[in-house]
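# sequence first, predicted model second:
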Number of protein chains: 2
Amino acid sequence: MTDGAEPSVIPDAEEDIAPLPDEFAFIRQHFLALAGPEALGLTDDAAIFTPEPGRDLVIAADAMVEGVHFLSDDPPDTIGRKLLRANLSDIAAMGARPSGWLLTLACPGRAAEPRFDEAWFQAFAGGLAEDQRLFGVSLLGGDTTSTRGPLVLSLTILGDVAPGQALRRNGARDGDGLWVTGTIGDGALGLRVLLGELPDRDGWLAGRYRVPCPRLGLELAGIAHAAMDVSDGLVQDAGHLARESGLGVVIEADAVPLSAAARAVGGGEALLSVCLTGGDDYELLLAVPDDRAAALQACCAARDVPVTRIGRFGPGRVGARVRRSDGTAFPLARQGWSHL
Amino acid sequence: MTDGAEPSVIPDAEEDIAPLPDEFAFIRQHFLALAGPEALGLTDDAAIFTPEPGRDLVIAADAMVEGVHFLSDDPPDTIGRKLLRANLSDIAAMGARPSGWLLTLACPGRAAEPRFDEAWFQAFAGGLAEDQRLFGVSLLGGDTTSTRGPLVLSLTILGDVAPGQALRRNGARDGDGLWVTGTIGDGALGLRVLLGELPDRDGWLAGRYRVPCPRLGLELAGIAHAAMDVSDGLVQDAGHLARESGLGVVIEADAVPLSAAARAVGGGEALLSVCLTGGDDYELLLAVPDDRAAALQACCAARDVPVTRIGRFGPGRVGARVRRSDGTAFPLARQGWSHL
């Protein structure tokens, strides 16, 4: 079986050699440009990397489903970016810095869904390439497969943090202020805009739904006692922070920061309720003692990130309550999103 | 807004507090028992772990879709195990040892698919729990969401390896033998058994389709020049190994090890062709120089893993060819699986 005898036995015909299957051409065409050196050209069974000595690693995974987390007609470049940014928001919530990501993609065949053509994937990967540069991360690996259902994307994000400096949900203390970055409710209102239920003069709300802004780079260690990101609705997520810390938290509805675009929508308490419970915010919720409030404001100002105190943790019943400014309970139709 | 004034203003009513959404009860009920200490009780935004100093990390992700990678009526305990084992096989192919995993799960609602009930998920998680113990890994995190399509699972696997010891696909050298662990074709035949196209007296072939056996724990560093796992069909995957190494590889069809159950099926060259290209093997393909063949056999024997030389790398045209024992080309209907 040495190679020397070969040509006389088998004609070295084209059809005699296994061609590369379409899947590999697809990966090479659209994703190879995203791969960092650890990804080994996306041709091996796994990525290999050497962790930076003396750092802890953080890792998380989130999935997004067409028709659940994004709309079928969302621009393809925003779909990948939304998933990457949602995962980056988890890294931000841990007070960590992101390094790499893996993506699995279950995609309807082009025969069933002609819109998933080369141009669609070029735009999808293009959006990811742009965000990679912006956030300093690179693709480590992944998998592509077909499905007879909607597009399902799953992303795993990897990051690192100084040992003992990771922010947890369970560290809030009695008396801590509840703070939130940015503005709340834009994503939920943006979805309603895209569904034709609300007006949006300049596309800002829709943009916040499609491309959230992970709050990376804030130096929160030594300032926040606890942190998480708001993805499933402010009230529900504040409830998690309180519950994990064994505390209650009272949210002042009128203190919750709304964007100019959200305020322009109007709609009174009914619409404020949508903002408080709608999800898709990807802002940070923080438990901060009053004597570090100035430090929090300074570290957020250094990154041009607005930050607002919207409530306070206390010993009462575990979970979140929402109040009007007159002290009465703010009426909520629901608390937030459950994905099951 | 201190807590002291609260009871006089708001009645501390049950409905005033956000309840935990169903998603969290679901995660706690079925997946908390799988979580290692790094998973932080599955309640934070990410897992945190301290990598073992002086080790490189390896990471990979694979997705599986109902009706593509497993059958709708496969026992639920085997579905999670198949996905975990397919990922463990990638770690084995790198010569690494596994440590943890993350899972995302896009599941049809119970209204649409009543079979995804508590008992289904209990069995699904039970299979994963069993394999966790067997392979010494633990759950780090993940995500659950709903979909209007089929069940889609995505798993990310993490492992580690001594620096410089990871096995790559691109290291095969001219003259290396092509070796394979275990037997080839059982998974492909098992699928045909489950589709009612072939008999299977004792369920062995179906078992190999549903629960593959990742070849972890072989001490291949210093023995194999290159490695990968066979998941998309022996011929196609051997072609990858050859291509990445810039070589050709000739596979001797008659040398490819078949199980007793596969041999009992009979079917001549047509069925052998199914075995050579069918995929779902999760065995290791190795490039090993002849002077290390004895060491390879010894290290496999130490783990009771059969290993067989089935071909040889050479300089000819890049890619894989398959020969009969008389030297003529073995006819293949296709080369392997492409998932797009």
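Structure's in. What do you need?
# and the strands in the stretch 101-250 of chain A?
Shown for the stretch 101-250 of chain A, the strands assigned by DSSP state E, counting those that start in this stretch span residues A:138-147, A:152-161, A:177-181, A:226-230, A:248-252.
# give me phi/psi at the closest residue to chain B within the stretch 1-150 of chain A?
In the stretch 1-150 of chain A, the residue that lies nearest chain B is A:G149 (1.4 Å; C-beta to the nearest C-beta). Bear in mind the C-beta positions are built from the backbone N, C-alpha and C, glycine included. Backbone torsions for A:G149, taken as degrees, to the nearest 10, come to phi -110, psi -160.
# how many neighbours does it have?
Neighbour count for A:G149, taken as other C-beta atoms under 10 Å in any protein chain shown: 23.
# check what pLDDT the residue nearest to it when sequence neighbours are not counted gets.
Closest residue in space to A:G149, ignoring its immediate chain neighbours: B:G149 at 1.4 Å, by C-beta to C-beta, 6 or more residues apart in numbering or on different chains. Per-residue pLDDT puts B:G149 at 93.
# contacting residues for B:G149?
The contact partners of B:G149, by C-beta atoms under 8 Å, 6 or more residues apart in numbering or on different chains, come to A:65, A:147-150, A:152, B:106, B:108.
# now do 7 Å
Residues in contact with B:G149 (C-beta atoms under 7 Å, 6 or more residues apart in numbering or on different chains) are A:147-150.
# ok, which pair from those is furthest apart?
A:R148 and A:P150 (9.6 Å; C-beta to C-beta).
# which of these two has more residues huddled nearby?
Between A:R148 and A:P150, A:P150 has the larger neighbour count (other C-beta under 10 Å), namely 20 against 14.
# pretty sure the more buried one contacts A:V65?
Yes: counting by C-beta atoms under 7 Å, A:V65 is a contact partner of A:P150 at 5.9 Å.
# what residues are shared contacts of these two?
B:T147.
# how does chain A divide up, domain by domain?
Under the assignment automatic domain parsing, the domains of chain A span A:21-43+A:56-161, A:177-323.
# separation between the residue most central in space within chain A and A:R210?
For chain A, the residue sitting closest to the mean C-alpha position, by C-alpha atoms, centre = their mean, is A:A86 at 0.4 Å. Here A:A86 is placed at a distance of 11 Å from A:R210 (C-beta to C-beta, to the nearest Å).
# repeat for A:R173
Distance from A:R173 to A:R210, by C-beta to C-beta: 37 Å.
# okay, these two: which has more neighbours?
Neighbours were counted for A:R173 and for A:R210 using other C-beta under 10 Å; A:R210 has more, 24 against 14.
# what sits against that one?
A:74, A:78, A:82.
# and these as CSV, adding pLDDT, neighbour count and secondary structure?
Output for those, formatted as CSV (pLDDT from 0 to 100; neighbours: other C-beta atoms under 10 Å in any protein chain shown; DSSP: H, G, I helix; E, B strand; the rest coil):
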residue, pLDDT, neighbour count, secondary structure
A:D74, 92, 17, coil
A:T78, 96, 20, helix
A:K82, 96, 24, helix
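# what is the nearest of these to A:R169?
Nearest member of those to A:R169, counting by C-beta to C-beta, is A:K82, at 23.1 Å.
# please enumerate the helices of the stretch 51-200 of chain A.
Ranges of helices in the stretch 51-200 of chain A, per DSSP state H, counting those that start in this stretch, are A:76-93, A:118-135, A:186-194.
# and of those helices, who's closest to B:A61?
Closest to B:A61 of the helices of the stretch 51-200 of chain A is helix A:76-93 (C-beta to C-beta; 12.7 Å).
# could you list the low-pLDDT ranges of the stretch 1-150 of chain A?
A:1-21 (pLDDT under 70).
# number of nearby residues for A:I79?
What A:I79 shows, counting by other C-beta under 10 Å, is a neighbour count of 25.
# OK, contacts around the residue lying closest to it once chain neighbours are set aside?
Distance criterion C-beta to C-beta, 6+ apart; nearest residue to A:I79, sequence neighbours excluded, is A:F70 at 5.1 Å. A:F70 is in contact with A:64, A:79, A:82, counting by C-beta under 7 Å, 6+ apart.
# returning to what we had before: how near is the residue of the stretch 1-150 of chain A closest to chain B to A:A125?
From A:G149 to A:A125 the distance is 22 Å (C-beta to C-beta).
# then A:L42?
12 Å.
# and those two? Which one has more around it.
Remark: of A:L42 and A:A125, A:A125 carries more neighbours, 21 against 17, as counted by other C-beta under 10 Å.
# that one contacts A:Q29, doesn't it?
No: A:A125 is not in contact with A:Q29 according to C-beta under 7 Å; the separation is 8.7 Å.
# what's the first-to-last distance across stretch A:322-333?
Counting by C-alpha to C-alpha, to the nearest Å, you get 12 Å between the two ends of stretch A:322-333.
# actually stretch A:35-52, not the one I typed
End to end - C-alpha to C-alpha - stretch A:35-52 spans 19 Å.
# do stretch A:287-297 as well
End to end - C-alpha to C-alpha - stretch A:287-297 spans 13 Å.
# return the set of buried residues in it.
Within stretch A:287-297, the residues that qualify as buried are A:287-289, A:292-293, A:296-297, counting by 16 or more other C-beta atoms under 10 Å in any protein chain shown.
# need the helices for the stretch 201-340 of chain A, in chain order.
With DSSP H, counting those that start in this stretch as the criterion, the stretch 201-340 of chain A has helices spanning A:204-210, A:234-244, A:260-265, A:268-277, A:293-301.
# packing partners for the shortest one?
Okay, so that is helix A:260-265. helix A:186-194, helix A:204-210 (3 or more C-beta pairs under 7 Å, 6 or more residues apart in numbering or on different chains; DSSP states H and E).
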